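[1] Provided below for reference: sequence and predicted model.
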Number of protein chains: 2
Amino acid sequence: MQLKSTTNPYFVKVHEQDNVAIAVADGGLAAGTSLADNIVAQEHIPQGHKLSLQPIHTGEPVIRYGEVIGHATTDIPTGSWVQERHLLLPTPPPLDELSLSPDPAAPLPSLEGYTFEGYRNPDGSVGTKNILGIITSVQCVVGVMDHAVKRLKEDILPNYPNVDDIIGLHHAYGCGVAIQAPEAIIPIRTVQNLARHPNFGGETLVIGLGCEKLIPSRVNPSGNDEDIIMLQDQHGFHAMVDKIIEKAEAKLVTLNKRKRETCPVSELVIGTQCGGSDAFSGVTANPAVGYASDLLVRAGATVMFSEVTEVRDAIHLLTPRAASEEVAEKLVREMDWYDRYLASGQADRSANPSPGNKKGGLSNVVEKALGSVAKSGQSTIANVLAPGERAETKGLLFAATPASDFVCGTLQLASGIHLQLFTTGRGTPYSLAMAPVVKISTRTALHQQWKDLIDINAGTIATGEATLEEVGWEIFHFILDVASGRKQTWADHWGTHNDLALFNPAPVT
Amino acid sequence: MQLKSTTNPYFVKVHEQDNVAIAVADGGLAAGTSLADNIVAQEHIPQGHKLSLQPIHTGEPVIRYGEVIGHATTDIPTGSWVQERHLLLPTPPPLDELSLSPDPAAPLPSLEGYTFEGYRNPDGSVGTKNILGIITSVQCVVGVMDHAVKRLKEDILPNYPNVDDIIGLHHAYGCGVAIQAPEAIIPIRTVQNLARHPNFGGETLVIGLGCEKLIPSRVNPSGNDEDIIMLQDQHGFHAMVDKIIEKAEAKLVTLNKRKRETCPVSELVIGTQCGGSDAFSGVTANPAVGYASDLLVRAGATVMFSEVTEVRDAIHLLTPRAASEEVAEKLVREMDWYDRYLASGQADRSANPSPGNKKGGLSNVVEKALGSVAKSGQSTIANVLAPGERAETKGLLFAATPASDFVCGTLQLASGIHLQLFTTGRGTPYSLAMAPVVKISTRTALHQQWKDLIDINAGTIATGEATLEEVGWEIFHFILDVASGRKQTWADHWGTHNDLALFNPAPVT
Ligand SMILES: [Ca+2]
Ligand SMILES: [Ca+2]
Ligand SMILES: [Ca+2]
Ligand SMILES: [Ca+2]
Ligand SMILES: [Ca+2]
């Protein structure tokens, strides 16, 4: 069940069972081009479009990513351009008609002997950075916190060389919100779990105001009131700043004593998402991330994929990969919740490929979703997280989040990721302060244009310079290097990070 | 129709027609206490509770803030404690039964001769600060923008002494959003109008990515493509930063040539809101702001009050103040929209006074809402703004926003405020970078505790040291000083500002 790629630079076949592959050459494939396996292009096949690798007879399945993306409406000879009109489009069944009897493939062979250097935490988790985290119970306090954090970073942090950073978390929740509304559980849980992030080492400080709806003790991971600073109890601005600095320095003393130690890869929690996708996302970077995801799962780690609106139309191909009927039901429940959330806002899920998608070679909604789901590799889906839930299961998880890069990033941080693998075709400088974001380009041209922003180039898969497996292993090793503090992402090098963006489907008041 | 207060420190009467006043002495009023106007307390009246100023017979109206808050259920002698059980509570009529025939009072006499020193803008508006504004079309670009802005502020801004600041606007809109959903108009309009803020002098820069849903030209106020920097067009991080700095410095050259000139008060746009309210908010700071609001309106300025959930239960007292039936209809439309928005999230509007409110002396929902609405003074409501709409009418406006301090602040900035009057009882260090937030305390104790955060103390009204009118005038003069750059708010002095928080009732995707 491993992903396959060819070293032939003209096309990419993603899965060994695939009977179609994608033309990747600039300008596509000219009619008559001789390809690997004695295949000859029968006609011009545009870049990003599908080419048949064997004869496909009327009614037979057309297979990509190892999945049926449709059935042939006509006989398709080897080397043909397989277009939308040659495919009988599968209609994803309504959620209430899905089979929930999972049939996951046998587990991939386990992978032994890989380790990283991390910080062991009192709660059993492991951090990959040693950060003083300061969480807020409400936005009111942020101006004062920022003032104190700036002074701390400039004047005091240099005295504690084993501490990597001080991060004051900004978020828009805490007051002026319908905190009793049913969906308020999502932002509340998210803030609570951000405060518990493994990179904060269990030493998070809490800054509250005093009259907010989200009571500061609810977001205090230690449960110790000494870790909470209430601004309404302080005598003016200087007293507020002094109190924050005093409490923060005590935490720095503790954090500075911590040391990295060798940990098995099974302690890692890795997130994946895509942003600024292009026609190559599903061909190069996403399957390479999927391969790396499988390596991590084989080594016992936790890996999560997300982005409900991008997987929704492949749900009938995901439920069979669930570890149990209960996990399949959770998958369906998250899809159903999002369907209703979008409908309540009179939004269509933008599910059908756009004219631009089709021009890029995507024939239907299933094929589009599979390109995104390729990040999840082939592993069994061990569990499902509701938005902002902390990962407590190892293996591959579906963490239900919007596709929005910032919202997905924030929710995955709450779920406890140490690092996010982020594939991009168009390019985005997005990153997160709490955990490194590894930028993986789908095309070599982007890597060349953004040499000082892209961490790994998966465009080499399309040019035949590397295989999916090779790029997958490169990603895997890069993760271990970054998690151990031996290497840095470009975004962390520049110190350019994006704001958190909470997912709050409940009303503001 | 002017607000009245007594110099007697034992009680506060807000409006000349009121037949009840509020006991403000610490510990309340002991039975037998002799008060002004030959009134003697007939029983113990707790602090914050109501005292009758004249005999009120069964069935007669009980009047506070110049409005009927209920009818007497029994004969109430002068000097009695007027409690919830003495009042037949008025039920606010359903929105569809409201009279929409407005009957506004005659305008207050106009106020001539007051001016401030401002920056005249090409579009006819006037700025009170001279700021280089940099707006983003999507959150992706923020890390790079912040890096460039930091360098600009440290190395280049000092060369342009007439420019007050450089502000890069962070917001969570632009991509991963249901941009076609009906309610998407709210965040889109907000971002568009933030970019047009009068303090940016028509020289706003736009930073876009290149694949976001909110196309950068949609938020570019100048309409000139030269004012847009697209990061996907740049060759790497250094090129992005250099391009931003180059374009920004050209803008600084232009902005540095601007000079303040004398402008009539009618050019000012002032917002009001409350946050961290207490039992004194409706007695001291809010009516004082209402008095200042009337002064501003009398001088021809634009003043807006907001916070739908806090005025909702007094709507039947606001529609008669509307300038026309059309304005009354707009008021009702905004209330109705918010009712449906809250209901769709299964949220109750937290309209009925809480046990804490009642303990503090608020008898019913109308009285509570009137305490908030007191910020609007007595003027006719000239127009209503939907969330994020720019003010184009002078006089008193209702700008429909949530009560959330950050969301209200962001929406009022989009509506074009030069300054926000912010009343607080419990205290909050909240402020905004784009326009000063004037912090007005409801109690002297808060002012004493937060001497370096509270700009104006309205607690002197409760102690008899000042009248409502005196504090109203103090606020009015402070506005002119801050608008002219002669004085600074404490928050601006410390440079502590909160993040923008967009109101996006549409789904994220
Ligand atoms: Ca563990
Ligand atoms: Ca995404
Ligand atoms: Ca990063
Ligand atoms: Ca408020
Ligand atoms: Ca301010």
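    Cool, the structure landed. Ligands and ions are numbered 1, 2, ... in the order given.

[2] Just list the residues touching the residue of the stretch 51-200 of chain A at minimum distance from chain B, thanks.
    Proximity of the stretch 51-200 of chain A to chain B (CB to the nearest CB) peaks at A:Gly176, 2.3 Å away. The C-beta positions use only the backbone N, C-alpha and C, and glycine is treated the same way. A:Gly176 makes contact with A:213, A:508-509, B:402-408, according to CB atoms under 8 Å, 6 or more residues apart in numbering or on different chains.

[3] Tell me the spacing between it and ligand 5.
    18 Å (CB to the ion, to the nearest Å).

[4] Not counting its own residues, what contacts the helix or strand of chain A with the lowest mean pLDDT?
    Least confident helix or strand, chain A: helix A:355-359 with a mean of 73, by mean pLDDT, DSSP states H and E. Where contact means CB under 8 Å, 6+ apart, the residues beyond helix A:355-359 that reach it are A:84, A:368.

[5] is any part of the helix or strand following it close to chain B?
    Tracing the chain past helix A:355-359, the next element assigned as helix or strand by DSSP states H and E is helix A:365-373. No - Helix A:365-373 does not reach chain B (CB under 8 Å from any CB of the partner chain); its nearest approach is 13.1 Å.

[6] can you pull the buried residues of helix A:365-373?
    Within helix A:365-373, the residues scored as buried using 16 or more other CB atoms under 10 Å in any protein chain shown are A:365-373.

[7] so where's the stretch 251-400 of chain A uncertain?
    Scanning the stretch 251-400 of chain A for pLDDT under 70 picks out A:349-354, A:356.

[8] got the residues of it near ligand 2?
    Within the stretch 251-400 of chain A, the residues that sit near ligand 2 (CB under 5 Å from the ion) are A:273, A:275.

[9] Tell me the residues of the stretch 251-400 of chain A that contact chain B?
    Checking the stretch 251-400 of chain A against chain B by CB under 8 Å from any CB, the hits are A:275-276, A:309, A:341-342, A:344-350.

[10] 7 Å - rerun?
    Listed as neighbours of chain B in the stretch 251-400 of chain A under the rule CB under 7 Å from any CB of the partner chain: A:276, A:309, A:341-342, A:344-347, A:350.

[11] from those residues, which is closest to ligand 5?
    Nearest to ligand 5 among these, counting by CB to the ion, is A:Gly345 at 33.3 Å.

[12] And for that closest one, the neighbour number?
    19 (other CB atoms under 10 Å in any protein chain shown).

[13] got it, and A:Thr262?
    9.

[14] Please list all residues in contact with it.
    A:Thr262 makes contact with A:115, A:117 under the criterion CB atoms under 7 Å, 6 or more residues apart in numbering or on different chains.

[15] how near is it to chain B?
    In this view, A:Thr262 and chain B are 32 Å apart by CB to the nearest CB, to the nearest Å.

[16] what helix or strand is that residue on?
    Counting by DSSP H and E, A:Thr262 is part of strand A:261-264.

[17] Which elements pack onto the next helix or strand after that strand?
    Going down the chain from strand A:261-264, the next helix or strand is strand A:269-274, by DSSP H and E. Where contact means 3 or more CB pairs under 7 Å, 6 or more residues apart in numbering or on different chains; DSSP states H and E, strand A:269-274 is packed against helix A:285-298, strand A:302-305, helix A:405-414, strand A:419-424.

[18] at 6 Å instead, please
    strand A:302-305, strand A:419-424 (3 or more CB pairs under 6 Å, 6 or more residues apart in numbering or on different chains; DSSP states H and E).

[19] Take the ones you listed and write them to CSV, including distance to A:Ser99 and mean neighbour count.
    CSV is the format used below for those (distance: least, CB to CB, whole Å; neighbours: other CB atoms under 10 Å in any protein chain shown):
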stretch, distance to A:Ser99, mean neighbour count
strand A:302-305, 21, 28
strand A:419-424, 30, 28
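
[20] For B:His57, which of those is the nearest?
    strand A:302-305 (70.3 Å; CB to CB).

[21] which stretches of the stretch 1-150 of chain A form helices?
    A:142-151 (DSSP state H, counting those that start in this stretch).

[22] Of all the residues in it, which one is nearest ligand 3?
    A:Lys129 (10.4 Å).

[23] Report the separation between that residue and A:Leu432.
    11 Å (CB to CB, to the nearest Å).

[24] And A:Ala343, by the same measure?
    From A:Ala343 to A:Leu432 the distance is 31 Å (CB to CB).

[25] out of those two, which sits in the busier spot?
    A:Leu432 (27 against 12).

[26] and the closest residue to that one other than its chain neighbours, how many neighbours?
    The shortest distance from A:Leu432 to any residue other than its chain neighbours is 5.2 Å, reached at A:Gly409 (CB to CB, 6 or more residues apart in numbering or on different chains). A:Gly409: 28 surrounding residues under other CB under 10 Å.

[27] Double-check A:Gly409 against A:Ala433; I have them as touching.
    No - the pair A:Gly409 / A:Ala433 is not scored as a contact, 10.3 Å apart, by CB atoms under 6 Å.

[28] shared neighbours of the two, anything?
    Applying CB atoms under 6 Å, 6 or more residues apart in numbering or on different chains, one finds that no residue jointly contacts A:Gly409 and A:Ala433.

[29] didn't A:Pro402 look like it was pressed against B:Val508?
    Yes - taking CB under 6 Å as the definition, A:Pro402 is a contact partner of B:Val508 at 4.6 Å.

[30] Now do stretch A:411-424: distance to the chain's middle.
    Offset of stretch A:411-424 from its chain centre (CA atoms, centre = their mean, to the nearest Å): 5 Å.

[31] Pull the residues that contact it.
    By CB under 6 Å, 6+ apart, stretch A:411-424 touches A:128, A:190, A:193-194, A:198, A:268-276, A:281, A:285-286, A:289, A:385, A:387-388, A:390-391, A:399, A:401, A:434-440, A:479, A:483, A:503.

[32] cool, and stretch A:315-328?
    Residues contacting stretch A:315-328 (CB under 6 Å, 6+ apart): A:67, A:92-93, A:98, A:100, A:102-104, A:331, A:335, A:380-384.

[33] Report pLDDT for the closest residue to ligand 4 within the stretch 51-200 of chain A.
    Distances between the stretch 51-200 of chain A and ligand 4 by CB to the ion are smallest at A:Gly176, namely 6.7 Å. Listed pLDDT for A:Gly176 reads 93.

[34] how many neighbours does the residue lying closest to it once chain neighbours are set aside have?
    Closest residue in space to A:Gly176, ignoring its immediate chain neighbours: B:Ser404 at 2.3 Å, by CB to CB, 6+ apart. Neighbours of B:Ser404 under the rule other CB under 10 Å: 24.

[35] Show me where the stretch 51-200 of chain A has its strands.
    Ranges of strands within the stretch 51-200 of chain A are A:61-64, A:67-72, A:81-82, A:87-88, A:115-120, A:126-127, A:131-136, A:165-168, based on DSSP state E, counting those that start in this stretch.
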